[in-house]
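K.L.:
Next one to model:
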Amino acid sequence: MTPVHLNAVRCPGIRPDTLGGYLSGLGLLVVASGLRENVRGCWREGGFTLLGRDLRVGNLEEELCRWRPRPYHRWWAPHQKADTKAKSDRNLWAARNTAAQDEVELLDSHIVGAGGNYFSSGGRNYFNPVFGTGGNIGKRDIAKVYDEALRLIADAHGQARRWLRATLFEDSDVSLPELRGAGTWFVSANKLFNSGQQWYREGQISPWSFLLALEGARLLAGGASRRISAARHYAVFPFVSISTAAEASQDAAGGRAEFWAPLWSEPASLSAVRTLIARGQARVGERPASAPFEFALAARSRGVDAGVSQFVRFSLRQTTSRQTYEALPQEEIATSENHAVAALAALRDWVVRLPRDGPNDKRFFGIRGRVERALIRLAAEPDEPERWQELLLLLATAQTQIDRNKDLRKSCIPVPLLDSLLFHRAWPSPAPELWIARSVASVLRGVAPEGWLKRPGIIQTNIFGVREEITGQGRPWLRFPETRPNRAVWDDAAPPLACMVAVLERRLTDTDAGAASPLHSKCDCPVQFVHDFMEGALDDAEIGRWIPPLSLLDWSRTQAVSGWGGQNNVSPGGSSRMHDFFRPLFHPESAGKPVPVAALRQLLKLICQGWSAEAFAFARAKYLAIRGATVRTPSDVRFDGERLAAALLIPVAAGAAERRFNPWRIPQKNQ
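P.N.:
I've put the predicted structure just below:
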């Protein structure tokens, strides 16, 4: 087969920075495909590129100037009004069955009837939010804008071609006319206030841009058989989703829907583009996407059709009145696969259970809106650590808000445990405070030999009011019990040291008296950082800030992490020496017979109350009774009881703990 050589014409004036600009690109491909053969189109370098045999700028302009747009009129308006009055869709379906093909195509891009056919008992008509309520967006009647655009071109004579060049090639020397009513698709066509000599002026736009956009919008045909979600009527139209939930109560009624415009960088024919848009496919796992955050996750998990290079998100929101809204450009999200973002698909069931906070709700929470926007921002810039940190903080805040509300505990589920590899996304080079927070957050359930009934769960159960259950695969599964458990002792309003001590006390209480220390962990902290913590050289608030978010990660399958890579053998000060002395008793893997939890409870009480001499004597007796080891008597045994108790919650490697304890030993004759 002889290869076909196509010439490329770049159209930098057609950009996806507005919904109208994106639709103009689709429309240009539609029109050019009707005027010549072997036409292709793609999005490159921020604009639309048209390819065709013997295609040149000059002959493209000539052909478009001779082009006559297809008629646009709302022929279904009387049938739509009848259905609205009857609360049915039968009139519109009956009219559709006898309409011409072009009329049916135009109708399907505006309205879909849920009834299915003329003989059904009747359903309701669903509108494509891109076209408003069947071609009427508040006071903006698309048919009137269409007629006005045709009139401007017909009366412009030689100026019309210059307007066409402005549309295609962004010719800035052209004075554009005022075209009212196109502001939903072209935000620059809205009134501009405080501009010029008057207090406002109408937006200016080339009529060619609107006419091409109208041709492209015809491709957005919906269908009841393709509904993504039976509860979300916007999903009957391709790449259209419900709006993000509101973050503030005053915005609860502002969002109408969102359109996720797919871009492709490889030349595609009109037939291929029609197929892409007709499928409208975006999936998260095995289920179609119907919410904005799901589209974002689908883009980063390759849950979209092949060929789509990125999505441009447009939020259809009210800006001037309750009936009129604009398509506001938002994030651009590439479709390159990101395994870390794909792992966030586990959040889907949790997010959809959160309240959407509608305008008629008696109480506003704002949880879902904040989380959805954080997920979208993260998908747009997954290489930015700050985005991951923001998400983890939001998840912890949301978990706390649900945990403290009786109604939310009944209707919502806990945040599912996420992959612990997200920690490295958020902190490629973690500070010492993050090492400590991660070590505490990774404390796992205690080891319970057969016959022992009491053991604490993962440390999240001490921070949030959740209950841990183990699945058949041995993985932890969380749920909210009817009443908040007493083991949840973390208080965000309390100082971090007090919270850490409360967690340690509670874990000892929830463990059988004869069991070992319930501080098993997969992420040991370098002893050097624990010494810095004991000396007060670290930021306690930063440590307490990140323990709850990091407890949301699943550390049970994490490969054991120990060591640091830096110096770990400096001489500690007085406070750190006390930590080295007590640490082996609290370590779950200490040499020799482990100290029973009952003894650790007594010792921790002495430490917390600041009875240093009594605590030191008690510990010496335990070392002698359990290990047969005698220890030195320090000249000064004073210490900060609360800080020392908090430091004992931080897991360290068993070998490091023993090495730091060795200077306290008194060598025996046989050693």
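
K.L.:
if I pick the residue nearest to Ala156 when sequence neighbours are not counted, what's in contact with it?
P.N.:
The shortest distance from Ala156 to any non-neighbouring residue, by C-beta to C-beta, 6 or more residues apart in numbering, is to Trp163 (6.8 Å). Heads up, the C-betas are built off the backbone N, CA and C, glycines and all. Counting by C-beta atoms under 8 Å, 6 or more residues apart in numbering, Trp163 touches 153, 156, 174, 176-177, 206-208.

K.L.:
Those: which two are farthest apart?
P.N.:
Spatial extent of those (C-beta to C-beta) is set by the pair Ile153 and Val174 at 13.5 Å.

K.L.:
Of those two, which one has the most company?
P.N.:
Comparing Ile153 with Val174 by other C-beta atoms under 10 Å, the one with more neighbours is Ile153, at 21 against 17.

K.L.:
then stretch 328-344 to CSV, C-alphas only?
P.N.:
Taking Å, rounded to 0.1, in the frame of the first residue of the first chain, the C-alpha atoms of stretch 328-344 are listed here in CSV:
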residue,chain,number,x,y,z
LEU,A,328,-14.0,27.1,34.5
PRO,A,329,-10.6,25.5,33.5
GLN,A,330,-8.9,23.5,36.3
GLU,A,331,-6.1,21.0,36.4
GLU,A,332,-4.5,19.1,33.5
ILE,A,333,-3.8,15.5,34.4
ALA,A,334,-1.5,13.3,32.3
THR,A,335,-2.4,9.6,31.8
SER,A,336,1.1,8.3,32.5
GLU,A,337,0.8,5.5,35.0
ASN,A,338,1.8,6.2,38.5
HIS,A,339,1.8,3.2,40.8
ALA,A,340,1.6,5.3,44.0
VAL,A,341,-1.5,7.2,42.7
ALA,A,342,-3.0,4.0,41.5
ALA,A,343,-2.7,2.6,45.0
LEU,A,344,-5.1,5.4,46.2
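
K.L.:
what mean pLDDT does that stretch have?
P.N.:
Taken as a whole, stretch 328-344 has a mean pLDDT of 90.

K.L.:
what does stretch 484-499 give?
P.N.:
On average, stretch 484-499 scores 94.

K.L.:
Now do the phi/psi pair for His587.
P.N.:
phi -80, psi 130 (degrees, to the nearest 10).

K.L.:
scratch that, Asn38 is what I was asking about
P.N.:
phi 50, psi 50.

K.L.:
That one is in contact with Arg53, isn't it?
P.N.:
Yes - counting by C-beta atoms under 8 Å, Arg53 is a contact partner of Asn38 at 5.2 Å.

K.L.:
give me the beta-bridge partners of the nearest residue to Ala334 once chain neighbours are set aside?
P.N.:
Closest residue in space to Ala334, ignoring its immediate chain neighbours: Gln310 at 4.5 Å, by C-beta to C-beta, 6+ apart. Taking DSSP bridges as the rule, Gln310 bridges to Leu263, Ala334.

K.L.:
pretty sure Gln310 contacts Ile333?
P.N.:
Yes - if you go by C-beta under 8 Å, Gln310 and Ile333 touch, sitting 6.1 Å apart.

K.L.:
Show me what stretch 13-22 is in contact with.
P.N.:
Applying C-beta under 8 Å, 6+ apart, the contact partners of stretch 13-22 are 24-25, 28, 43, 46-48, 130, 166-171, 182, 184-189, 209-210, 212-213, 216, 259, 261, 263, 312, 314, 327, 329.

K.L.:
quick one: low-confidence ranges for the stretch 51-200 of the chain?
P.N.:
114-123, 191-200 (pLDDT under 70).

K.L.:
May I ask you to name the longest helix in the chain?
P.N.:
Assignment by DSSP state H gives helix 385-403 as the longest helix of the chain.

K.L.:
ok, and for that helix, which residues are buried?
P.N.:
387-400, 402-403 (16 or more other C-beta atoms under 10 Å).

K.L.:
Helix or strand next in line after that helix, which one?
P.N.:
Sequence-wise, the next helix or strand downstream of helix 385-403 (DSSP states H and E) is helix 406-411.

K.L.:
how far does that next one sit from the chain's center?
P.N.:
Taking C-alpha atoms, centre = their mean, to the nearest Å, the mean C-alpha location of helix 406-411 is offset from the chain mean by 23 Å.

K.L.:
immediately after the worst-scoring helix or strand of the chain on mean pLDDT, which helix or strand?
P.N.:
Here the helix or strand of the chain ranked lowest by mean pLDDT, DSSP states H and E is strand 200-201, holding a mean of 45. Per DSSP H and E, the first helix or strand lying C-terminal to strand 200-201 is helix 207-217.

K.L.:
Would you pull up how far that following helix lies from the middle of the chain?
P.N.:
Mean-position distance between helix 207-217 and its chain equals 33 Å (C-alpha atoms, centre = their mean).
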